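In: fold the following, please.
(one chain, ligands or ions: 1)
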Amino acid sequence: MKNQTLYTLAELDKQHILHPSTSPAFNRNNGPTIIFERGEGLHIFDMDNNKYIDGVSMLWNVNVGHGNKELAQVSFDQMQKLAYSSMFYGYSNEPAVKLAEKITSMTPGDLDSVFYTSGGSESNDTAFKLARFYWERKGLANKKKIISLKRGYHGVTVAAQRATGIEVYRAFSGSGDPDIINAEPHLTSCELGDINHPSYQNSIRGTIEREGVNHVAAVIIEPIQGAGGVHVPPEDYLQAVRKLCDEQNILLIADEVICGFGRTGRSFGVNHWDIVPDLMSVAKGITSGYAQLGAVVMRTPIMDAICEVPDMLAHGFTYSGHPTACAVGLKNLEIIERENLIDQADQMGKLLLKGFDYLNDKYHFFHNGRGRGLLTGFDLIKDPEQNITFTPEEAAAMSIVEECKKRGLLIRGFDFEPGMNIIAIAPPLISQQDDIETIISIVDESLSAYSKRLGL
Ligand code: PLP
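Out: Residues are numbered from 1 along each chain as shown. Here you go, the predicted model:
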């Protein structure tokens, strides 16, 4: 019976669903790779009852783990009371207000006002609009351009897509916003003014110079780049960018969609470097994925400038401040605090990095284990000393992903640039020591199987 249902679902999926970030041709021929049925803590089960460790918290978002009954209950209760009401025309609701208070109690500095969205892309599009609107209010309406970083991922709505610095996403369907420019990431010395650096032209500072400071509204960065391959910036990078933006009168937007609410072992990614951005985009971990919700949190001077306008703010989503999503968000943040999950992510992340050290010693092609908290990754390079990368046929990252999947661990691989083979590991924040050990041992077995297959 189960197999029959599974077969039918797979066939119907093939016929009727266009999947995001999936090869449509592959899906049309083969159907979905896994049909999930239920989740429990760190684990997720398919319809054949195969059990997988969710090694990337699905899309880095299921922070409190699967099957959390408290979140299900709060959603049930809120839906019975008031499932939905709008925030247009000044309408409000209790969960939205309480969640805004909670979020702003966690954010650093005077990031004290919240605009609600339904997810990360909407948050970033909103942050761009608010940054541009802020400059209009300040009498600097020409400040429209947004500078983002290569390898950054900011979503797939038209503006967020252009901010995304991963070519395969940025180029998709050929549309775009010409006012959004990609700069080279993590060039600390250039951002501090090293004009003789060979890459200076393409740094954020070089880009501001080229575009003209009077045309630049904001710089957007992920504190730690996630979907670009888990890149932790050099130690003083974020501070250098903050200083640059202050000097040049440009707003700094932190995209905390992955990093926010504990993933990196701090409340927010920027806390690692002690900076306060002007605007912060959040989503994912705000509800641990139990409801669709995002937000832009802004500093007081921005909110004040926006509030000077008597006219309507001509921006808003049907699901801005969705009561059920906000009630889930509020309970989720309560669970993260009560269960001490941010400290736990910090400690478990350190254990994961120790495991990477062990793998680094064992496999010549394991390179640059890195991360903060439970946002971690490593490179696979055939010969790191000679910088010889694996060929596309050797498919290193995707082979390791498959080997891990066979052994019951779901992780992510990135190979969107020639020679790039990156693995990301980002399990739920509820992970315990034995879970981390199991993850490392499955990765170890998978690397070993791959290495044998290639005769490395
Ligand atoms: N920003 C970052 C850093 C992300 O990782 C993502 C999604 O992975 C987004 C924005 C886009 O969020 P969404 O998919 O909810 O629109």
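
In: any regions of the protein where pLDDT drops low?
Out: Counting by pLDDT under 70, the chain shows low-confidence ranges at 1-3.

In: same thing but at 50, please
Out: Scanning the chain with the threshold set as pLDDT under 50 gives 1.

In: buried sites along stretch 206-213?
Out: Neighbour counts over stretch 206-213 (16 or more other CB atoms under 10 Å) mark 206-208 as buried. Yep, even glycine has a C-beta here, placed from its N, CA and C like the rest.

In: what sits up against it?
Out: Residues outside stretch 206-213 that contact it (CB atoms under 8 Å, 6 or more residues apart in numbering): 145, 147, 181, 183, 190, 199-201, 216, 244, 248-250.

In: so Met298: helix, strand or coil?
Out: Three-state call for Met298 (DSSP: H, G, I helix; E, B strand; the rest coil): strand.

In: my guess is it contacts Leu130. True?
Out: Yes - applying CB atoms under 8 Å, one finds Met298 in contact with Leu130, separated by 6.4 Å.

In: point me to the residue of the stretch 251-400 of the chain nearest the ligand.
Out: Here the stretch 251-400 of the chain gets closest to the ligand at one residue, Val257, 3.4 Å apart by CB to the nearest ligand atom.

In: and that residue, how close does it get to Gly329?
Out: 14 Å (CB to CB, to the nearest Å).

In: any idea what Ile53 is bridged to?
Out: Ile53 has these beta-bridge partners by DSSP bridges: His43, Leu409.

In: hmm, it is touching Pro428, no?
Out: No - counting by CB under 8 Å, Ile53 sits too far from Pro428 to count as a contact (9.5 Å).

In: which neighbours do the two have in common?
Out: Joint contacts of Ile53 and Pro428 (CB under 8 Å, 6+ apart) are Leu42.

In: who has more neighbours out of those two?
Out: Higher neighbour count among Ile53 and Pro428: Pro428, with 31 against 22, using other CB atoms under 10 Å.

In: domain parsing for this structure?
Out: With domains defined by automatic domain parsing, the chain comprises 34-64+341-454, 70-338.

In: and the last one, how far apart are its ends?
Out: In terms of CA to CA, to the nearest Å, the two terminal residues of domain 70-338 are separated by 13 Å.

In: and that domain, how far out from the chain middle?
Out: 11 Å (CA atoms, centre = their mean, to the nearest Å).

In: ok, stretch 415-426 next?
Out: Centre to centre, stretch against its chain (CA atoms, centre = their mean), the figure for stretch 415-426 is 15 Å.

In: so Ser123 makes contact with Val282?
Out: Yes - the criterion here is CB under 8 Å, and Ser123 meets it with Val282 at 6.5 Å.

In: shared neighbours, those two?
Out: 257, 294-296.

In: up against the ligand, what does the stretch 51-200 of the chain have?
Out: By the rule CB under 6 Å from any ligand atom, the part of the stretch 51-200 of the chain lying against the ligand is 59, 119-121, 124, 153-155.

In: cutoff 5 Å now
Out: For the stretch 51-200 of the chain, the residues in contact with the ligand (CB under 5 Å from any ligand atom) are 119-121, 153-155.
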